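[1] Next input, structure requested:
(2 chains)
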Amino acid sequence: MTEARAVLLEARAVRKAYGARPALKGVDLAVHAGEFVALLGPNGAGKSTLFQLLTGLFDADAGELRVCGEDMRRTPVRALGRIGVVFQQMTLDLDLSVEANLVFHARLHGIGGAESRARIADVLARVGLAERRADRVRELSGGNRRKVELARALLHRPAVLLMDEATVGLDPASRRHLLDEVLALRAAGVGVLWATHLVDEAEAADRVLVLHRGELLAAGPPAGLTAAAQCASLSEAFLKLTGAPQAAERE
Amino acid sequence: MSPVHAWLALQAVASREIAKFVRQGGRLASALVRPLLWLVVFAAGFQNVFGVSIIPPYDTYIPYQTYIVPGLLGMVLLFNGMQSSLAMVYDREMGVMRLLLTAPLPRWYLLLCKLLAGTLLSVLQAYVFLAVAALFDVGVPWSGWLYALPVLVLAGMMLGALGLLLSVNIRQLENFAGTMNFVIFPMFFLSPALYPLWKLEESGATVIHFLATWNPFTHAVEAIRFALHGQVAVHSLAIVAGCLAVFFLLAAWGYDPQRGLLRRTGKPG
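    Down below sits the predicted model:
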């Protein structure tokens, strides 16, 4: 079903190494409009490296990355304009207010004046933080900070949203709330790539990509992956594929 | 990148830098205390030791305090330029740098925004220092305030670009102390900020004199000195402009993910 939708994010044979140590060994992936794709992998699998390449922070050693058809190497500015990102590490200015952080981002994306104010009001209402717009980010809880980051990532109305382990450090309720917020974006046609090492988050995805030691081991709907691995749950299938009992214990 | 987008991005970066500066109340005070200590304390003690002969742009004997004003203006610019480097490293550690680098703008333009915002703060602080110096009766000609503006901007940009370049390789805030020791102090002391360079030559310190003539800060100070007296130091201005171009291009190269030094500094994960 997803094949008929536009491809928003595409990686082809992407390779990246840090010195002699390979981090990505020829990764292929695609995210379609309105699709929620979970990139599931244990710590050190290469998820953050892939995100750094997808956001143009670093350049791939080989392969091709495209966002809405724009090549990340040749036309990075246009490609970046179509992406919204929530990084694993928080990227808010703690000493600025919620609103000031959003104004900063809006201006970087060429949005100013009344349009900026309207969009900020809209995204803050969406994540339930309209009342906290004047508060300094430092005064917010971890969950609310993540909501601000989500609001910021949506401010310029990206076609594709990248979430890099965005729920790290959040309590279960905040985690669920953030996940639900992002899942709801599918209806608006936003493609989402959600990197996580938590299997329960991946279970909500349309498709799951299992990344381990820089290689994509499997891809498909959660039920399909579970069935293909002849396991009772996605969690078991993930462990079988990656052979990571330590991760299972943590789950 | 449309002109409106470019202007909004500059506004974004500049207003954040200004907000940070206002928030850090002690920053202006420390930016002023440093040169004022030299002007009021050091110069008082050494004015009879360091006799300054009549050298261009001066056409008469001048008090030692007057001689060191251009150098102290340079000091304000130098420290603030290095502060830009510190701010870049801090932003990198806090993650804000990622936000900047993933904005849909050319990297060189983002760096230019940072540079212009830092220069604006540098020049403002330089003028505050000039005003405070005037209160201590160490003034410069009033016309010099105006003539010095473009030179202070150029010198501030050159030193800010040096800060940006240094920030490519400074990975942690802790390493900033090294910047102080290996960049700020040598640049300041190997310059005519506190004594004319002919004194180094006269005392036989030929190597130090040679290094000082190759120091970009030397030319920034001389360009400011001449501008304060309504004269143009063409040679020094050309060197400052050239250094600005080289430092900025190297910084832009360093922040380019396809070519620069950052390429080697990613982390697995």
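[2] And the pLDDT for residue 2?
    No chain specified, so I'll use chain A. Per-residue pLDDT puts residue A:2 at 45.
[3] try again with chain B
    88.
[4] now it, nearest residue through space, not along the chain?
    Closest residue to residue B:2 apart from its sequence neighbours, by Cβ to Cβ, 6 or more residues apart in numbering or on different chains: residue A:110 at 6.8 Å. For the C-beta atoms, the positions are set from N, CA and C on the backbone; glycine is no exception.
[5] ok but that neighbour is inside a helix, no?
    No. Counting by DSSP: H, G, I helix; E, B strand; the rest coil, residue A:110 falls outside a helix, being coil.
[6] number of nearby residues for it?
    By other Cβ atoms under 10 Å in any protein chain shown, the residues close to residue A:110 number 22.
[7] Quick one: classify the residue nearest the centre of chain A as helix, strand or coil.
    When Cα atoms, centre = their mean is applied to chain A, the residue found nearest the centroid is residue A:163 (1.9 Å). Using three-state DSSP, the structure places residue A:163 in strand.
[8] contacting residues for it?
    Listed by Cβ atoms under 8 Å, 6 or more residues apart in numbering or on different chains, the contact partners of residue A:163 are A:85, A:86, A:182, A:192, A:193, A:194, A:195.
[9] Same question for residue A:105.
    A:152, A:155, A:156, B:12, B:99.
[10] Could you check the pLDDT of it?
    Taking residue A:105 on its own, its pLDDT is 94.
[11] Among the contacts of residue A:163, which one sits closest to residue A:18?
    residue A:195 (18.3 Å; Cβ to Cβ).
[12] wait, doesn't that closest one sit right on residue A:51?
    Yes. Using Cβ atoms under 8 Å, residue A:195 makes contact with residue A:51 at a distance of 6.3 Å.
[13] Quick check: neighbours shared by these two?
    By Cβ under 8 Å, 6+ apart, the residues touching both residue A:195 and residue A:51 are A:88, A:162, A:164.
[14] Burial check on the closest residue to residue B:255 other than its chain neighbours, number of neighbours?
    Spatial nearest neighbour of residue B:255, chain neighbours left out: residue B:107 (5.1 Å); criterion: Cβ to Cβ, 6+ apart. For residue B:107, the count of nearby residues is 23 (other Cβ under 10 Å).
[15] contacting residues for residue B:107?
    Here residue B:107 is in contact with B:101, B:252, B:255, B:256, B:257 (criterion: Cβ under 8 Å, 6+ apart).
[16] how close does the fourth one get to residue A:141?
    When distances are taken as Cβ to Cβ, to the nearest Å, residue B:256 and residue A:141 turn out to be 37 Å apart.
[17] These two - which one has more neighbours?
    residue B:256 (16 against 11).
[18] re earlier: hang on, the residue nearest to residue B:2 packs against residue B:7?
    No. Between residue A:110 and residue B:7 there is no contact under Cβ under 8 Å: 9.2 Å.
[19] what's the one helix or strand residue A:8 maps to packed up against?
    Assigning secondary structure by DSSP states H and E places residue A:8 in strand A:7-18. If you count contacts as 3 or more Cβ pairs under 8 Å, 6 or more residues apart in numbering or on different chains; DSSP states H and E, strand A:7-18 packs onto strand A:21-32, helix A:47-54, strand A:62-67, strand A:160-164, strand A:191-196.
[20] where exactly do the helices run in chain B?
    Remark: helices assigned in chain B by DSSP state H are B:3-23, B:25-36, B:43-46, B:64-94, B:96-101, B:107-135, B:142-169, B:176-179, B:185-189, B:197-202, B:206-213, B:216-228, B:234-254.
[21] taking those helices together, which one is wrapped up most tightly?
    Ranked by mean neighbour count, these are led by helix B:216-228 with a mean of 27 (mean count of other Cβ atoms under 10 Å in any protein chain shown).
[22] okay, the angle between that helix and helix B:234-254?
    130 degrees (axes from the mean of the first three to the mean of the last three Cα atoms, to 10 degrees).
[23] average model confidence for helix B:216-228?
    pLDDT averaged over helix B:216-228 gives 94.
[24] Show me what that helix is in contact with.
    Residues outside helix B:216-228 that contact it (Cβ under 8 Å, 6+ apart): B:56-57, B:69-71, B:73-74, B:77-78, B:140-141, B:144, B:147-148, B:150-152, B:154-155, B:158-159, B:162, B:187-188, B:190-193, B:197, B:212, B:232-233, B:235-237, B:239-240, B:243.
[25] try 7 Å
    With Cβ atoms under 7 Å, 6 or more residues apart in numbering or on different chains as the test, helix B:216-228 has contacts from B:57, B:70-71, B:73-74, B:78, B:140, B:144, B:147-148, B:151-152, B:155, B:158-159, B:187-188, B:191-193, B:212, B:232-233, B:236-237, B:239-240, B:243.
[26] how about the residues of the stretch 1-150 of chain A that lie near chain B?
    Applying Cβ under 7 Å from any Cβ of the partner chain, we find that the stretch 1-150 of chain A lies next to chain B at A:18, A:21, A:23, A:44, A:47-49, A:52, A:55-59, A:73, A:77, A:80-81, A:85, A:87, A:89-91, A:93, A:95-96, A:104-105, A:107-110, A:112.
[27] how about low-confidence regions in the chain?
    All of this refers to chain A. A:1-4, A:244-251 (pLDDT under 70).
[28] actually chain B
    For chain B, the stretches with pLDDT under 70 are B:47-53, B:171-176, B:257-269.
[29] how much space between residue A:216 and residue B:165?
    Distance from residue A:216 to residue B:165, by Cβ to Cβ: 39 Å.
[30] Same check on residue B:185?
    18 Å.
[31] cool, residue B:29 as well?
    28 Å.
[32] so what's the backbone phi/psi at residue A:217?
    Dihedral pair for residue A:217: phi -90, psi -30, per degrees, to the nearest 10.
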